[in-house]
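Undergrad: predicted model and sequence follow; I will ask about them next.
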Amino acid sequence: MAKLYFRYGAMNCGKSTNLMQVAYNYKERGMESIVIKPEIDTKGDNRVVSRLGIDKKIDMIVENKTNIYNEVKEWLENKGPIDCILADEVQFFKKKQIDELFDITIKLDIPVIAYGLRTDFKMNGFEGSERILLLAHSIEELKTICRCGKKALFNARKVNGEFVSDGAQVAIDGENKVEYESLCGKCYDKLINNN
């Protein structure tokens, strides 16, 4: 039986790079993987972009209203078999779309490897992340380090180079002078709560 995998981690832990490596591995073995990402993630437009400077074209952009299960069924009917679905930035997916990814694994027998953040810059969960943490057959943390050298768990938001603790849940890295820094709990508390 196919499984739903969730690979999460703080920003800059290599999620997008890992996704592209998995896509390459499938291609090298003559297998078909497709890459999907939510429309709200405008970074890279129709590409997955890694901080290492590599990128990969997206096969399917997922809008809020998109039924991923139906889109995959249509793909199978019109374009042929899929050996794996690689989903980037799944924290931005709607709860129903995570349910659809789960259905793809159990009804269509296609593995789904999903990558995303667990929490936002305020340490709150995203709709997609909260749901996939409940449904995933396998959960794996991808690790990165804080400025102090400890394991980073949280994503602190900066605007114009200054740490902020208020704002909308979604602000894309690199747009409107927004950037993120991965921090351990101690550094997050020091830089955000005492800011």
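TA: Arrived safely, thanks for sending.
Undergrad: and the pLDDT for Asn195?
TA: pLDDT for Asn195: 54.
Undergrad: partner strands of the lowest-mean-pLDDT helix or strand in the chain and their direction?
TA: Sorting the helices and strands of the chain by mean pLDDT, DSSP states H and E puts strand 47-49 at the bottom, at a mean of 77. Strand 47-49 pairs in its sheet with strand 55-57 (antiparallel), by DSSP bridges.
Undergrad: can you list the residues that contact the helix or strand following the strand it pairs with?
TA: Next helix or strand after strand 55-57 toward the C-terminus (DSSP states H and E): strand 60-62. Applying CB atoms under 8 Å, 6 or more residues apart in numbering, the contact partners of strand 60-62 are 34-39, 46, 68, 71, 75, 93, 97. The C-beta positions use only the backbone N, C-alpha and C, and glycine is treated the same way.
Undergrad: from the chain's centroid, how far away is the following helix or strand past strand 60-62?
TA: Sequence order places helix 68-78 as the next helix or strand after strand 60-62, per DSSP H and E. With CA atoms, centre = their mean, to the nearest Å as the basis, helix 68-78 stands 21 Å off its chain's centre.
Undergrad: now helix 68-78: buried residues?
TA: 68-69, 71-72, 75 (16 or more other CB atoms under 10 Å).
Undergrad: show me where this protein has helices.
TA: Secondary structure of the chain, counting by DSSP state H: helices at 15-28, 68-78, 95-107, 127-135, 185-188.
Undergrad: and of those, who's closest to Ser50?
TA: Nearest to Ser50, of all the helices of the chain, is helix 15-28, at 4.4 Å by CB to CB.
Undergrad: and the closest one, what does it pack onto?
TA: With contacts defined as 3 or more CB pairs under 8 Å, 6 or more residues apart in numbering; DSSP states H and E, helix 15-28 has these neighbours: strand 4-8, strand 33-38, strand 47-49, strand 55-57, strand 84-87, strand 112-116.
Undergrad: buried ones in it, by neighbour count?
TA: Neighbour-count burial for helix 15-28, counted by 16+ other CB under 10 Å, picks out 15-20, 22-23, 26.
Undergrad: now stretch 180-195
TA: Using 16+ other CB under 10 Å as the burial criterion, the residues of stretch 180-195 that qualify are 180-184, 187-188, 191-192.
Undergrad: tabulate these (JSON lines), appending distance to Lys56 and pLDDT.
TA: Output for the buried residues of stretch 180-195, formatted as JSON lines (distance: CB to CB, whole Å; pLDDT from 0 to 100):
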{"residue": "Tyr180", "distance to Lys56": "21", "pLDDT": "90"}
{"residue": "Glu181", "distance to Lys56": "25", "pLDDT": "92"}
{"residue": "Ser182", "distance to Lys56": "22", "pLDDT": "94"}
{"residue": "Leu183", "distance to Lys56": "28", "pLDDT": "95"}
{"residue": "Cys184", "distance to Lys56": "30", "pLDDT": "94"}
{"residue": "Cys187", "distance to Lys56": "32", "pLDDT": "94"}
{"residue": "Tyr188", "distance to Lys56": "31", "pLDDT": "93"}
{"residue": "Leu191", "distance to Lys56": "33", "pLDDT": "88"}
{"residue": "Ile192", "distance to Lys56": "33", "pLDDT": "87"}
